[in-house]
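K.L.:
Give me a model of this one.
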Amino acid sequence: MEQNGESHLKEPLLHAADGASAAAARVSPRKERTTRKVMFNVRGMSCGSWVVAGLKGVESIQVSTLQGQAVVQYSPEETDARTIKEAIEDINFEVDELQEQEIAVCRLRIKGMACTSCSESIERALLMVPGVKKAAVGLALEEAKVHFDPNITSRDLLIEAIEDAGFGADLISYGDDVNKMHLKLEGVSSPEDTKLIQSVLETVEGVNNVEWDTSGQTVTVAYDPDVTGPRLLIQRIQDAAEPPKCFNASLYSPPKQREVERHHEIMSYRNQFLWSCLFSVPVFLFAMVLPMLPPSGDWLFYKIYNNMTVGMLLRWLLCSPVQFIIGWRFYVGAYHALKRGYSNMDVLVALGTNAAYFYSVYIIVKALTSDTFEGQDLFETSSMLVSFILLGKYLEVVAKGKTSDALSKLTELAPETAVLLTLEKDGSVISEVEISTQLLQRNDFIKIVPGEKVPVDGVVIKGYWWYCKR
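P.N.:
Numbering: from 1, shown residues only. A predicted model of the protein is given here:
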């Protein structure tokens, strides 16, 4: 299954506490020290209770009895993959394959991409970072997924490489075993209540980190989905209250950062386009319209010094802010592109507008120094080009926003509820209860009848069923 772009071992949707459990044996909070992962194909597994969990240097174990696979995270300073393999064999398991995993995966949100050339330039910048094995940048999602060796590079270096390429980047997720949930709390009225809930959550196995917002009414929990889930954490919070107090917790979806940033980007391009029009339209009128309407435009041809006219001066003064203030983003993009040895749209816009602008400046200098020189400046070309490019950028980000909205509406088509099953060890059903799809945890057993929508990805373990996604 994949959650938040992170790969996990595929397994059924819950093996609760029975003997076929595929839960982790022990999970330690994330540490800054270097860790590695090794994958084993193991035969003969019937549960997740391994003696190897107590081996020195072992940080965590994730096992899938369905696929006969185990992933062990360990500290290379204290043990190695061969020692772990021998420890597994000592408890009468057969290890068929040994595959060490030294590749970490992180997802980054990219800011400032406008075309496929931007995504390609970011990919090139990431692949140039030592230790990066693979980089994929999605223009529509504005995200990058990077596979890298954590012993050689780090997340900060990846973000720095993207920023050096002229784009912004924020970390979305790192690793392949941690999810986050946001809980909204009711009944929390004092710092003592906050400390109580904090201590209760931190004692739950699989919880890696607990963060509170400034109001103390919402909490963000980083957890291992193979060990715990939202139902257990909500139940622990509710059980922590002592009468007459009562704590209630529910899943909370904070405002999506991407939507906020997209709205800011749309407003930024809109405002820049409007400011550009404020200067560019008068330049266009002074250059192309009023001179064709005598005598209303005759004052533009009044000579200030030699052949320098009022019209030239006004067009120069109005065009300069468009060229160097409003159009500064094109200079920045062109600089980062040329620094890495390639060209993009920013380079083209900067070259075109600068050619028109500085040719016009040359015309003004010649007009000031000669009373016989006659020439036509092109300030309206420079300013109007910047305005049209900004208009195109604005329309592009608006269209991308509508595309994202359409994709978001597709995800809303998933059913809101699912039927959760509680099973005996022999597989017989003890009870059925309808719960919110958001409360499903990994390794849950759910019931799907013909004609119903599938609430989550999973594996069919009993019965026959056909499903077409079209």
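K.L.:
Where does the prediction get shaky in this protein?
P.N.:
Counting by pLDDT under 70, the chain contains low-confidence ranges at 1-35, 44-54, 65-67, 96-102, 175-178, 214, 216, 255-257, 411, 464-470.
K.L.:
care to break it down by domain?
P.N.:
Annotated domains of the chain cover 2-101, 104-174, 179-251, 258-408 [automatic domain parsing].
K.L.:
closest to S436 out of those domains?
P.N.:
S436 lies closest, by CB to CB, to one member of those: domain 179-251, at 7.7 Å. C-betas here are computed from N, CA, C, even on glycine.
K.L.:
ok so, going back, would you turn the domains of the chain into CSV with mean neighbour count and distance to E452?
P.N.:
Formatted as CSV, the domains of the chain follow (neighbours: other CB atoms under 10 Å; distance: least, CB to CB, whole Å):
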stretch, mean neighbour count, distance to E452
domain 2-101, 17, 15
domain 104-174, 18, 29
domain 179-251, 16, 21
domain 258-408, 17, 23
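K.L.:
Tell me which of those sits nearest to V454.
P.N.:
Proximity to V454, assessed across those by CB to CB, is greatest for domain 2-101 (10.8 Å).
K.L.:
Looking at the protein, which helix is longest?
P.N.:
helix 379-411 (DSSP state H).
K.L.:
Can you show me the CA trace of the helix or strand just after it as PDB?
P.N.:
Counting by DSSP states H and E, the next helix or strand C-terminal to helix 379-411 is strand 417-423. Taking C-alpha atoms only, strand 417-423 is exported to PDB below (Å, rounded to 0.1, in the frame of the first residue of the first chain):
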ATOM      1  CA  THR A 417     -17.700   4.800   5.900                       C
ATOM      2  CA  ALA A 418     -16.500   1.200   5.900                       C
ATOM      3  CA  VAL A 419     -17.600  -2.000   7.700                       C
ATOM      4  CA  LEU A 420     -14.900  -3.100  10.100                       C
ATOM      5  CA  LEU A 421     -14.800  -6.800  11.100                       C
ATOM      6  CA  THR A 422     -13.600  -8.400  14.300                       C
ATOM      7  CA  LEU A 423     -12.500 -12.000  13.700                       C
END
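K.L.:
name the helices or strands packed onto strand 417-423?
P.N.:
On a contact count with 3 or more CB pairs under 8 Å, 6 or more residues apart in numbering; DSSP states H and E, strand 417-423 meets strand 429-436, strand 445-447.
K.L.:
strand partners of the last one, parallel vs antiparallel please.
P.N.:
Strand 445-447 has the following sheet partners, assigned by DSSP bridges: strand 417-423 (antiparallel).
K.L.:
now the strand it pairs with, how far from the centre of its chain.
P.N.:
On the basis of CA atoms, centre = their mean, to the nearest Å, strand 417-423 sits 32 Å off its chain's mean C-alpha point.
K.L.:
One more: stretch 374-386?
P.N.:
In terms of CA atoms, centre = their mean, the centre of stretch 374-386 is found 41 Å from the chain centre.
K.L.:
What are the contacting residues of it?
P.N.:
By CB atoms under 8 Å, 6 or more residues apart in numbering, the residues outside stretch 374-386 that reach it are 276, 279-280, 283-284, 286-288, 307, 312, 315-316, 318-319, 322-323, 326-327, 330, 349, 352-354, 356-357, 359-360, 363-364, 366-367.
K.L.:
Looks to me like A287 is in a helix.
P.N.:
Yes: under DSSP: H, G, I helix; E, B strand; the rest coil, A287 falls within a helix.
K.L.:
quick revisit: can you say which of the helices and strands packed on strand 417-423 is packed in most?
P.N.:
Ranked by mean neighbour count under mean count of other CB atoms under 10 Å, those are led by strand 445-447, which reaches a mean of 17.
K.L.:
In this model E205 seems to touch T228, though I could be wrong.
P.N.:
Yes: between T228 and E205 there is a contact at 6.5 Å, judged by CB atoms under 8 Å.
K.L.:
in the sheet, who's paired with the spatially closest residue to Q438 that is not a sequence neighbour?
P.N.:
The shortest distance from Q438 to any non-neighbouring residue, by CB to CB, 6 or more residues apart in numbering, is to L251 (5.1 Å). Per DSSP bridges, the residues bridged to L251 are L183.
K.L.:
and what of G168?
P.N.:
K111.
K.L.:
Then E211?
P.N.:
Where E211 sits in a bridge, its partners, by DSSP bridges, are T220.
K.L.:
ok, M308 - contacts?
P.N.:
By CB under 8 Å, 6+ apart, M308 lies in contact with I364, A367, L368.
K.L.:
any idea how far F358 is from the nearest residue to the last one once chain neighbours are set aside?
P.N.:
Residue nearest to L368 in three dimensions, not counting chain neighbours: M308, with 4.9 Å by CB to CB, 6+ apart. For M308, the distance to F358 equals 17 Å [CB to CB, to the nearest Å].
K.L.:
quick one: what helix or strand has R124 in it?
P.N.:
Taking DSSP H and E as the definition, one finds R124 inside helix 116-127.
K.L.:
which outside residues touch that helix?
P.N.:
110, 112-113, 132, 135-139, 144, 146, 158, 161-162, 164-165, 167, 337, 340, 342, 344-345.
K.L.:
Just those residues: which are in helices?
P.N.:
Among these, DSSP H puts L158, A161, I162, D164, A337, M345 in helices.
K.L.:
correct me, but the first one touches A104?
P.N.:
No: if you go by CB under 8 Å, L158 and A104 don't touch, sitting 10.3 Å apart.
K.L.:
Distance check, the most centrally placed residue in the chain against E265.
P.N.:
In the chain, the residue lying closest to the centroid (CA atoms, centre = their mean) is R109, at 3.6 Å. Distance, R109 to E265, using CB to CB: 12 Å.
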